[in-house]
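Chemist: Provide a 3D model corresponding to the input given below.
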Amino acid sequence: MSNEASAKLENSKLKGMPIFENGNIKTYYELHGSGPALLMIAGMASDSKSWQYILKGLAQHHRVIVFDNRGCGRTLTDNRTFDLKDLAADAVALLEFLKYEKVNVVGHSMGGMIAQEMALAYPEKIDRLILASSSPQFSDQAKGILDDLYDQWHSGCEMADWFKILFQYLFTKEALSNKNFMDAAIIFALNYPYPQTIEGFREQKEAIEKFNASSRIRKIMHSCLILSGNEDILIPSMESKLLEGIGGKTKFKIIEGAAHSIHAEKPKAFSEAVLGFLTS
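Modeler: Numbering: from 1, shown residues only. This is a model prediction of the structure:
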């Protein structure tokens, strides 16, 4: 299929969907609920659908804004290299398009790193920050995990097997040993109508690998809730705890019985922590 034909096909798929066009970037977004605005920034290889476990509960109290980051889901890009500062700029451009002057922000994993860049470059846009399963810099071990995942995919690994490898870094041992849970998760991933491409995975991987806010987070002066799963092996709690170096008031909370994907495994605990922090 030619590039022109492929573009027409993608545009036809997106017809009727909420799309914000910002230059060559066409960002897919959704709005839910009412109340104070809450922007949700998804992690790597995840899009707006990743918030499905907590969206309904949060939308009972907030105007929840979810969107697909560049390189994932229904957000179309020009395939040029980008970094997390670019993704932060994408998020701010969306807020300006939607006419939100200031919002609370929840960022998960890579989304938490994007939120840090957003807080540093556009502090006036943020009221409070919630950084979940995130850190001020990806460790060499975590970078190696992403490199291995990319190599497995690039070498032709069956996608069902690839997702099994990925899920080892997202979920607890208890979840991984639950056959019904794993079967359902793999079926959902394989049949998702807007899967990430290998190019999108590589682009996001390279953007994360370039990110380092360790020496800059002290300049973030927002109140911040830091959430970490006690079984997270991708970004362990000791690495998330480095975010306590943020200049504003911070609160660090460990969610028991959760790994990297806290909001999927422990949606009630995640939502209660977020809502409690935002209303305190």
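Chemist: hey, where'd the strands end up in the stretch 1-150 of the chain?
Modeler: Assigned by DSSP state E, counting those that start in this stretch, the strands in the stretch 1-150 of the chain fall at 19-22, 25-32, 37-41, 63-67, 103-108, 126-132.
Chemist: residues near the residue lying closest to Ser50 once chain neighbours are set aside, how many?
Modeler: Sequence neighbours aside, Ala42 is the residue nearest to Ser50 in space, at 5.0 Å (criterion: CB to CB, 6 or more residues apart in numbering). For glycine as for every other residue, the C-beta is placed from the backbone atoms N, C-alpha and C. Ala42: 24 surrounding residues under other CB atoms under 10 Å.
Chemist: now swap in the one 3 residues further on and tell me
Modeler: Residues near Ala45, counting by other CB under 10 Å, number 23.
Chemist: Tell me which residues touch it, please.
Modeler: Residues counted as contacts of Ala45 (CB atoms under 8 Å, 6 or more residues apart in numbering) are 72, 166, 196, 201, 204.
Chemist: could you redo the last one with a cut-off of 6 Å?
Modeler: Gln196 (CB atoms under 6 Å, 6 or more residues apart in numbering).
Chemist: Distance of it relative to Asn212?
Modeler: Distance, Ala45 to Asn212, using CB to CB, to the nearest Å: 21 Å.
Chemist: what's the closest of the strands of the stretch 1-150 of the chain to Ser261?
Modeler: Ranking the strands of the stretch 1-150 of the chain by distance to Ser261, with CB to CB as the measure, places strand 103-108 first at 8.1 Å.
Chemist: For the closest one, buried residues please.
Modeler: For strand 103-108, burial by neighbour count (16 or more other CB atoms under 10 Å) applies to 103-108.
Chemist: counting contacts, what elements does it pack onto?
Modeler: Judged by 3 or more CB pairs under 6 Å, 6 or more residues apart in numbering; DSSP states H and E, the packing partners of strand 103-108 are strand 37-41, helix 110-121, strand 126-132.
Chemist: Asp232 is nearest to which of these?
Modeler: Set against Asp232 and scored by CB to CB, these come closest in strand 126-132, at 9.9 Å.
Chemist: Who are the packing partners of that closest one?
Modeler: Under the contact definition 3+ CB pairs under 6 Å, 6+ apart, strand 126-132 sits against strand 103-108, strand 223-229.
Chemist: can you pull out the strands in the stretch 151-280 of the chain?
Modeler: Using DSSP E, counting those that start in this stretch, strands in the stretch 151-280 of the chain cover 223-229, 250-255.
Chemist: hang on, the earlier thing: return the closest of the buried residues of strand 103-108 with respect to Lys266.
Modeler: His108 (12.8 Å).
Chemist: could you check the distance from the closest one over to Met44?
Modeler: 9 Å.
Chemist: and what of Asp161?
Modeler: 19 Å.
Chemist: These two - which one has more neighbours?
Modeler: The neighbour comparison of Asp161 against Met44 (other CB under 10 Å) goes to Met44, with 23 against 11.
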